[in-house]
Each structure stands twice: as C-alpha cells, then as structure tokens.
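**Q** prediction below, plus the sequence it came from.
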Amino acid sequence: TRRSSDLFMSEKKYTSSTLDCILSHRSIRHFTSEPIEDKVIEQLVNAARFASTSNHLQCVSIVRITDPALREQMMVYSSNQEYVKSAPEFWVFCVDFHKHKQICPTAQLDYAEVLLIGAVDTGIMSQNVLLAAESLGLGGVYIGYLRNEMEAVGKLLNLPEHCLPMVGMCLGYPDQDPPSKPRLPKETLFFKNAYQPLDTTKLDEYNQTVAEYYRQRSNIDMDWSRNVIKSLDKPIRPKVLAYLQQQGFIKK
C-alpha cells in the first residue's frame, strides 16, 4: 500500500490551479462596471515586473490610460473596438529602450535583434499580467489593432525615441461567459528533434472543429485555414516599418 504522502505528491504532480487557469483562458470583451481595486492593480504590476526578461534588460514599460479623452482616442485608433473605452482598465505595453539609451548613449539599438528582444519581452510581460489577472477572477483581451495606427498611438502617449506601443490590454471583471476557442492539435505544433511537415489529416479535423465553433458562436461560415488566408493574403500594416525606423529600430 502506498503511503498517503506518496499519493499526495502523485496528485500534486499532475494537478495545478495555474494550469487550470491557463487552460480555461477566454478573451473577455464585456465587463461589469466594477473597478479593479488598487491592491489588485499593484499585484498585476508586480506580475509584470517579475516577468522573465532577456539579459535582465527589462525593456518594457506600461502606460495605464485612465483619462477618458485618451481612452476615446485609443478606441478610434484600435478600429473602434468599444471595450477599449469601456473596460475598467486599459494598458498599453511598450517596447522601451529609451531608458537604456539614457544609461548608455552609445547603445546600438538599431539592430533587428534589439527589436526582437523587446517584442519577446513584451509578450512575456503582458502574458504574465493577463494570467495573473485571470487567476484573480478578472478577464481581459489583447488589443493588437492599435498597431493599425502605431505612430498616432505613439504621439498620443508621448512615447520618446526607442519606445514603441506593441499591444494593448483591456482588463476587468467579466460580464460574459464565452466558450473557449479551439486550439491547434499538438501534432501540428509539438515535434520531437526536428520540424515535421503539416499533418493535413489533423488540419482537416481541426478545420471542422473550428467551423463548428464559429457556427455555434456567431453563425458564420469560417474555419482556421480560411482565417489564415483572410489574415495573411494581403499587405499587413505596411506603415509599421517606417515608424519602427523612425523610432530608431531595425535599421540593420
């Protein structure tokens, strides 16, 4: 007979409230009017501060937008998504090497790798915040649409050189309970030792699953492959490169 402590460790090994939180993620776009308490905001900021960061550079800053006029304009710049204005909290995560340039005036920030570092760190930090928020009973949604007007957003937030708005985030207490959106099966993205060709059988099955999800959720005719084509078979924010270079990035 196994000892009770052994059974506990076995169960503990395969269960986790953190994993439960991750696997129950849904984008929340409708929120109650309840504000997020200051102590919760502080916890979310600490979750951001303690995110992993390349070479301890800590090259991300967050702009919390509380001014209603700024929120209104941010909504316009984000394809008029109403929840950008109405969510209790709206934060903009920025790649920020401006402080580093002040510390090291000779910093060579115009290499492509610098922007990659900043983009990766931004993704890590923003996900830390969203996961922390969800663990505390909040919900949220990323707002990538602000990059449609990246330069205008930068001016609105008074971002200096070597600082870029990368993604926004709405946060609040959920006022909806949407279904979880189906994700790609592991066989199409998790490989052993070498990259594998696309498993078309798995892809076909996944397309059917996604099509059923969209039919039930929105009564629209869409699957994952058609969504990829719709999203990528056209120029994607062609103004972005010029603004990145204007801000001192990706010249080399």
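**A** Okay, I see it. Numbers count the residues shown, from 1 in each chain.
**Q** got the buried residues for stretch 214-232?
**A** 214, 223-224 (16 or more other Cβ atoms under 10 Å). Every C-beta, even on glycine, is put in place using the N, C-alpha and C of the backbone.
**Q** measure that stretch end to end?
**A** Distance across stretch 214-232, first residue to last, is 19 Å (Cα to Cα, to the nearest Å).
**Q** what mean pLDDT does that stretch get?
**A** Averaged across stretch 214-232, pLDDT comes to 96.
**Q** and for stretch 148-155?
**A** Here the average pLDDT along stretch 148-155 is 97.
**Q** in which helix or strand does V141 reside?
**A** strand 139-143 (DSSP states H and E).
**Q** any idea of the pLDDT on T15?
**A** Taking T15 on its own, its pLDDT is 74.
**Q** tell me where the stretch 51-200 of the chain has strands.
**A** 60-64, 89-96, 139-143, 163-172 (DSSP state E, counting those that start in this stretch).
**Q** re the thing from before, which of the buried residues of stretch 214-232 lies closest to P105?
**A** W224 (47.5 Å; Cβ to Cβ).
**Q** need the nearest residue in space to the closest one, chain neighbours excluded.
**A** V210 (4.5 Å; Cβ to Cβ, 6 or more residues apart in numbering).
**Q** re the thing from before, ok, which of the strands of the stretch 51-200 of the chain comes nearest T188?
**A** strand 139-143 (22.4 Å).
**Q** can you give me the helices for the stretch 101-250 of the chain?
**A** Using DSSP state H, counting those that start in this stretch, the helices of the stretch 101-250 of the chain run over residues 112-135, 150-156, 200-218, 224-232, 240-246.
**Q** if I look at A87, how far off is D221?
**A** With distances taken as Cβ to Cβ, to the nearest Å, A87 is found 30 Å from D221.
**Q** point out where the protein drops to low pLDDT.
**A** 1-13 (pLDDT under 70).
**Q** shouldn't M74 be in contact with K85?
**A** Yes - using Cβ atoms under 8 Å, M74 makes contact with K85 at a distance of 7.5 Å.
**Q** more neighbours: which of these two?
**A** M74 (26 against 19; other Cβ atoms under 10 Å).
**Q** so what's that one up against?
**A** Taking Cβ atoms under 8 Å, 6 or more residues apart in numbering, we find M74 in contact with 65, 84-85, 90, 92, 146, 153, 156, 168.
**Q** just those residues now: which is nearest F50?
**A** Distance to F50 across the contacts of M74 (Cβ to Cβ) is lowest for V92, with 19.8 Å.
**Q** gap between the closest residue to the closest one other than its chain neighbours and W91?
**A** Spatial nearest neighbour of V92, chain neighbours left out: V63 (4.5 Å); criterion: Cβ to Cβ, 6+ apart. When distance is defined by Cβ to Cβ, V63 is 7 Å away from W91.
**Q** who's more crowded, these two?
**A** W91 (23 against 20).
**Q** show me what contacts V95?
**A** 59-60, 115, 118-119, 121-122, 163-164, 166, 249 are the contacts of V95 under Cβ under 8 Å, 6+ apart.
**Q** so which of those is the closest to F190?
**A** Distances from F190 to these, taken by Cβ to Cβ, are shortest for A119, at 22.7 Å.
**Q** I'd guessed that closest one sits against P165; true?
**A** No - with contact defined as Cβ under 8 Å, A119 does not reach P165; the gap is 12.0 Å.
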